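Engineer: What follows is a protein structure lacking sequence information:
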Ligand SMILES: CC(C)(COP(=O)(O)OP(=O)(O)OC[C@H]1O[C@@H](n2cnc3c(N)ncnc32)[C@H](O)[C@@H]1OP(=O)(O)O)[C@@H](O)C(=O)NCCC(=O)NCCSC(=O)C[C@@](O)(CC(=O)O)C(=O)O
Ligand SMILES: [Mg+2]
């Protein structure tokens, strides 16, 4: 039921999970359901990106999952537990073959790599840079913390990995997504974490429940005064460009490139999420 109704919650993206949320006994039937769901026009009609989290290619399920996802018309594949760029090269090789067989443009299926181990964190830059298909990398906290022999605490246990993954994304020019927050009833704790990762520079967060979507979008939406000021900055910059001015000022304050770029980013978030309520 969730597969065919998730669009009503207006996420930016839905991810159909074939990995750890599916028991071994149900891998084949889940894959078939996902394949059928991918062919429903509804997600495209609502402009929602569709991702499938496949099983690792090291398992007996991974390649079958990839075949079903690409034949079904998925936008992107999330590769769990990515440890090295070689795993992405292997994924790409299979993707290219399947896209040709399915009559899809080669390169049209994008990749999100999930980093879930210490070795993945250490290799994050080369993973992020490994393919033009790569649109984002994501930190997956639960498996990572098991690998680190610790557990979720005040956030300090994740600080290094979050920074490493974020820097890798920025080096590669792709998006970075933060870990899931598993207590869906703790909205205050969720929002505290969202403020923190937004402050670091993350582009967003993987979610596990529809109740987390609106609070996340709202936290990322700029305030009305931020939007108003950003529009003034961009207008002043465009006016200055037309007049060929080297230095631009707004209300007596110098406006330089970082301020203009920040204003454009705020306007693009406003266009995506509206104004913070
Ligand atoms: C958490 C909970 C049990 C709460 O149940 P609750 O019953 O309290 O939910 P309610 O809020 O009451 O549901 C109200 C309505 O929303 C519907 N609804 C709920 N959830 C929905 C959803 N996800 N999608 C669409 N629809 C949904 C529901 O069907 C109902 O619909 P209706 O009956 O029509 O009213 C439930 O959400 C859930 O199962 N979530 C998915 C968990 C999941 O995906 N785990 C795998 C990914 S993490 C991982 O693997 C770790 C990782 O790998 C991470 C990484 O890689 O990043 C690492 O290592 O860290
Ligand atoms: Mg995991």
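Structural biologist: Received it, and whenever you're ready, just let me know what you need. As the structure is a prediction and not an experimental result, all values here were calculated from the model. Ligands and ions are numbered 1, 2, ... in the order given.
Engineer: Residue 183: what secondary structure?
Structural biologist: Under DSSP: H, G, I helix; E, B strand; the rest coil, residue 183 falls in the coil class.
Engineer: Quick one: neighbours of it, just the number.
Structural biologist: 11 (other CB atoms under 10 Å). Quick note: C-beta positions are derived from backbone N, CA and C, even for glycine.
Engineer: Same question for residue 164.
Structural biologist: Residue 164 - counted by other CB under 10 Å - has 18 other residues nearby.
Engineer: So which bits of the helix or strand hosting it are buried?
Structural biologist: Residue 164 belongs to helix 156-172 when assigned by DSSP states H and E. Across helix 156-172, burial judged by 16 or more other CB atoms under 10 Å covers 158, 161, 162, 164, 165, 166, 168, 169, 172.
Engineer: Surely the fourth one and residue 124 touch.
Structural biologist: Same thing as residue 164. Yes - the criterion here is CB atoms under 8 Å, and residue 164 meets it with residue 124 at 5.3 Å.
Engineer: For the stretch 51-200 of the chain, which segments count as strands?
Structural biologist: With DSSP state E, counting those that start in this stretch, the ranges of strands along the stretch 51-200 of the chain come out as 76-79, 110-115, 134-139, 175-178.
Engineer: what's the longest helix seen in the chain packed up against?
Structural biologist: For the chain, the helix with the greatest residue count under DSSP state H is helix 224-243. Contacts defined by 3 or more CB pairs under 8 Å, 6 or more residues apart in numbering; DSSP states H and E place helix 224-243 against strand 248-250, strand 253-255, helix 257-273.
Engineer: Pull out the buried positions in it.
Structural biologist: Under the neighbour-count criterion of 16+ other CB under 10 Å, helix 224-243 has 226, 227, 229, 230, 233, 234, 236, 237, 240 buried.
Engineer: Tell me how many other residues crowd the closest residue to the last one other than its chain neighbours.
Structural biologist: Distance criterion CB to CB, 6 or more residues apart in numbering; nearest residue to residue 240, sequence neighbours excluded, is residue 248 at 3.6 Å. If you count neighbours by other CB under 10 Å, residue 248 ends up with 20.
Engineer: No further queries at this time; thank you.
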